[in-house]
Each structure stands twice: as C-alpha cells, then as structure tokens.
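**Q** Dropping a prediction and its sequence here:
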Amino acid sequence: MKSPEEILDLMLSNDNFSQWMGISSIHIGLGRCTLQATITAEMLNGFQIAHGGISYSLADSALAFASNSYGVKCVSIETSISHTRPTKAGDTLTAVAKELHRGKTIGIYEVLVQNQNNKTIALFKGTVHISSDIW
C-alpha cells in the first residue's frame, strides 16, 4: 500500500491545473492535507481580486489529497464554498482539509482557507465517494 506522501506525489504529478496554480504541499496524513498557493496576476478577475475559482480549486485539491490518502481512490460528489473575504495578487493562501466522517463509501471533509495573516477567506465542505479501486 502506498503512503499518503506517495499518493499525493502521484496525484500532483498528473494534475496540470494544480501545477499551474503553484500548489505546494505543507502536510499530508491520513484524512488530512495542508496546501499553499500564492495568488498571481493571472488569477485575478475584473475587480483585481482573486477569482473565486482559485480558492475553490485550492480547497478542492486539499479535499482530493486528504480523501485519497488512505490508498483508496475517491472522487468528489458534492462540494460547496463560502467566500468570506477577498484576496489579492501576492497573498499566500493555505488550505487545511480535515476529515469529519469516513464510512465504507462516503467521506465528508471540511477545508479552511486562510491568507498569510491567518484571516479566513473561505470555508469549503466536500463529500466524496470512496471506491474500491486501490492506488
């Protein structure tokens, strides 16, 4: 069975979008993952703040890595996000995913996204389907 680190490396090596975002792994463990990314000018919308899809994508990646960390393939089936404050170019975002529930076929996770000042910028919740496929 692969370790959480090996699974994250394998998933990230095939994830062009997360690579484009400059996502880096801070911590990975069973049911947990912490990622970081810095907001660039290409990530800004017409208001010159980060497009909502950026914090969503960072949180979604943290969800994916946390849920797959057990060595069984998982895919999201429902997600939601609440944006609580804007982010700008140069801000560094940290997404911390933690497992709330893991059953035989369903896992539920929450992801807290904060900026470099430890201010919450988004709250994300995700539900995954746990398959029988092994990494």
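**A** Received the coordinates, thanks. Not measured: the values here are computed from a predicted model.
**Q** dump the residue contacts of the residue nearest the centre of the chain.
**A** Closest to where the C-alpha atoms of the chain average out (CA atoms, centre = their mean) is A62, at 2.2 Å. Contact analysis of A62 by CB atoms under 8 Å, 6 or more residues apart in numbering lists 33-35, 95-97, 111. (Each C-beta comes from the backbone N, C-alpha and C, glycine too.)
**Q** Let me know the helix or strand that it is in.
**A** Assigned by DSSP states H and E, A62 belongs to helix 52-68.
**Q** Distance from the chain centre to that helix, please.
**A** 2 Å (CA atoms, centre = their mean, to the nearest Å).
**Q** Next, the angle from the helix or strand following that helix to helix 52-68.
**A** Reading on from helix 52-68 to the C-terminus, the next helix or strand found by DSSP H and E is strand 72-83. Using axes from the mean of the first three to the mean of the last three CA atoms, to 10 degrees, the interaxial angle of strand 72-83 with respect to helix 52-68 works out to 150 degrees.
**Q** residues near I26, how many?
**A** 12 (other CB atoms under 10 Å).
**Q** helices and strands around the helix or strand containing it, which ones?
**A** Of the helices and strands defined by DSSP H and E, I26 is found in strand 24-29. Here strand 24-29 touches helix 4-13, strand 32-38, helix 52-68, going by 3 or more CB pairs under 8 Å, 6 or more residues apart in numbering; DSSP states H and E.
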